[in-house]
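> Next one to model:
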Amino acid sequence: MGYLIGMDEAGYGPNLGPLVITASLWKVPGDPREFDFWQALDSVVSQKKPGKKSGLLHVADSKQVHSSSAGLAPLERSTLPFLQIFNGAKGLASLETLWRLLVASPERLEEIQQQPWNGNCEFTIPTTVAAESVDQSQQNLQGALDTAGIQLQAFCSEIVLPARFNRLCREYGSKGVMLTRLCMHLLTRVWDRESTEPTLIIGDKHGGRNRYDGFLDEVLDGEMIFRVEESTAKSVYKVGNTEIRFQTKAEAHFPVAVSSMVCKYTREVMMERFNQYWSEHVPDLKPTKGYPVDARRFKSDIAAAQEQLEISDQILWRGR
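So this is what the prediction gives:
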């Protein structure tokens with residue numbers, strides 16, 4: 001047996017809403033460096049967009065699964081079966097349930113719940129797809145995982161809200177350093193460094209960064225880090241029985257693609273709740289995805305309500 005960890009993020013660039021980083025942990029038969037998820041699960045998943053009548057789950061980079069024109073349904077249809085399996089096959093009744101499933105830190109969970117738009121949150125999940133359809137997909141997926149000898153063992157997420165985002169950017173000097181450090185700390189929640197089984201960790205490269213050994217060293221207990229390769233295509237390290245890769249187009253690897261989808265889904269439903277909250281206070285308000293140009297438009301549109309509600313820019317606006 002061996003372990004695979006896939007890690008990705010969504011919401012790095014916007015001014016509004018959270019940055020979400022997710023790591024997923026999988027146990028697989030044999031050498032994780034040689035295991036092919038796509039072949040093992042081809043009866044239930046597809047890297048390419050399936051036809052309308054297909055029962056296959058679209059698993060790929062979240063940017064390919066989700067589009068504004070198609071709405072949340074394709075992403076929700078493909079992501080919720082994985083989340084339900086991790087939740088013990090139980091449905092995710094609400095956004096609150098999703099946070100509790102993904103966020104390990106009670107402090108971070110409380111921080112999320114205290115946001116004005118998240119307080120007394122009764123935002124139900126699924127939002128667009130029939131629960132019965134999700135349940136059937138979950139059963140099919142679980143059957144395929146069992147047949148292939150694959151175990152989904154964990155999802156763990158960092159949900160970074162604007163106040164913390166801004167504080168960490170100031171503390172670390174740049175949001176690039178912030179992202180890398182948050183990823184390393186997230187790894188420690190799902191990576192068993194004492195395991196004797198081979199482990200492969202794959203994550204997307206962070207911008208133009210080629211060196212990650214110094215950041216790895218910050219979260220390791222003096223363990224030896226061997227640099228295998230550092231290039232624009234990928235940076236590879238060995239720590240004991242673990243191989244760690246940061247590479248371009250990492251979402252081609254199944255565990256990274258699933259993590260990417262969980263990140264995007266979590267951010268999207270949180271933005272739906274965010275827009276819902278503000279539309280209750282500003283008539284005819286056009287919703288936002290939070291990206292720079294439209295975020296400024298949205299902030300201008302809600303300015304009067306923001307002042308009346310006494311909501312500070314500190315918890316609303318990401319400065320970088």
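
> Need phi/psi at the closest residue to N87 other than its chain neighbours.
Among residues not flanking N87 along the chain, L101 sits closest, at 5.5 Å (Cβ to Cβ, 6 or more residues apart in numbering). (Each C-beta comes from the backbone N, C-alpha and C, glycine too.) L101 adopts backbone torsions of phi -70, psi -40, taken as degrees, to the nearest 10.

> any idea how far P287 is from L101?
Noted for L101: a distance of 25 Å to P287, by Cβ to Cβ, to the nearest Å.

> Between these two, which is the more surrounded one?
L101 (19 against 14; other Cβ atoms under 10 Å).

> which ones are touching the residue nearest to L75 when sequence neighbours are not counted?
Spatial nearest neighbour of L75, chain neighbours left out: H66 (4.0 Å); criterion: Cβ to Cβ, 6+ apart. Counting by Cβ atoms under 8 Å, 6 or more residues apart in numbering, H66 makes contact with 72, 74-75, 261, 264-265, 268.

> can we see that at 7 Å?
74-75, 264 (Cβ atoms under 7 Å, 6 or more residues apart in numbering).

> Helices - which of the residues you listed land there?
74-75, 264 (DSSP state H).

> before we move on, back to that, tell me which of the contacts of H66 is nearest to L200?
Set against L200, the nearest of these by Cβ to Cβ is K264 (23.0 Å).

> Can you name the residues in contact with the helix or strand W38 falls within?
In this structure, W38 sits in helix 37-40 according to DSSP states H and E. With Cβ under 7 Å, 6+ apart as the test, helix 37-40 has contacts from 47, 148, 150, 254.

> Relative to I5, how far out is the third one?
Computed with Cβ to Cβ, the distance linking I150 and I5 is 14 Å.

> Which of these two has more residues huddled nearby?
More neighbours surround I5 than the other of I150 and I5, with 27 against 19 (other Cβ under 10 Å).

> Tell me the secondary structure at that one.
strand (DSSP: H, G, I helix; E, B strand; the rest coil).

> before we move on, what about E251?
Relying on three-state DSSP, one would call E251 helix.

> same question, L187
helix.

> Was I right to think it contacts L25?
No: look at L187 against L25 with Cβ atoms under 7 Å: they stay out of range, at 10.1 Å.

> Between the two, point out the one with more neighbours.
In this view L187 and L25 are compared by other Cβ under 10 Å, and L25 has more residues nearby, 24 against 21.

> What sits closest to the more buried one if chain neighbours are left out?
A154 (4.0 Å).

> repeat for A233
T248 (5.9 Å).

> burial count for the one you found?
Neighbours of T248 (other Cβ under 10 Å): 12.

> Touching, it and K205? I think so.
Yes: shown here, T248 and K205 form a contact pair, counting by Cβ under 7 Å, at 5.5 Å.

> Which SSE is immediately downstream of the strand or helix carrying R273?
Per DSSP H and E, R273 falls inside helix 254-279. The element immediately downstream of helix 254-279 (helix or strand, assigned by DSSP H and E) is helix 292-301.

> contacts for that following helix?
14-16, 282, 285, 288, 317.

> For it, list the C-alpha coordinates in PDB.
Taking Å, rounded to 0.1, in the frame of the first residue of the first chain, the C-alpha atoms of helix 292-301 are listed here in PDB:
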ATOM      1  CA  PRO A 292     -10.500  42.800  -8.800                       C
ATOM      2  CA  VAL A 293     -12.500  44.900 -11.400                       C
ATOM      3  CA  ASP A 294     -15.900  43.700 -10.400                       C
ATOM      4  CA  ALA A 295     -15.000  43.700  -6.700                       C
ATOM      5  CA  ARG A 296     -14.500  47.400  -6.800                       C
ATOM      6  CA  ARG A 297     -17.900  47.900  -8.500                       C
ATOM      7  CA  PHE A 298     -19.500  45.700  -5.900                       C
ATOM      8  CA  LYS A 299     -17.800  47.500  -3.000                       C
ATOM      9  CA  SER A 300     -19.100  50.800  -4.400                       C
ATOM     10  CA  ASP A 301     -22.600  49.500  -4.700                       C
END
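
> what's the average pLDDT for it?
The average pLDDT within helix 292-301 is 97.

> try stretch 73-81
Stretch 73-81 comes out with an average pLDDT of 96.

> Any idea how far that stretch is from the middle of the chain?
The chain centre lies 14 Å from the centre of stretch 73-81; the measure is Cα atoms, centre = their mean, to the nearest Å.

> got the contact list for that stretch?
Counting by Cβ under 7 Å, 6+ apart, 57-59, 62, 65-66, 92, 126-129, 134, 137-138, 141, 261-262, 264-265, 268 sit against stretch 73-81.

> cool, stretch 236-256 as well?
Residues contacting stretch 236-256 (Cβ under 7 Å, 6+ apart): 4-8, 24, 26, 33, 37-38, 59-61, 193, 195-205, 212-213, 216, 220, 223, 225-229, 233-235, 257, 260.

> Swap in 6 Å and give it another go.
Taking contacts as Cβ atoms under 6 Å, 6 or more residues apart in numbering, the residues outside stretch 236-256 that touch it are 4, 6, 8, 24, 26, 37, 61, 198-205, 212, 223, 225-229, 233-235, 257, 260.
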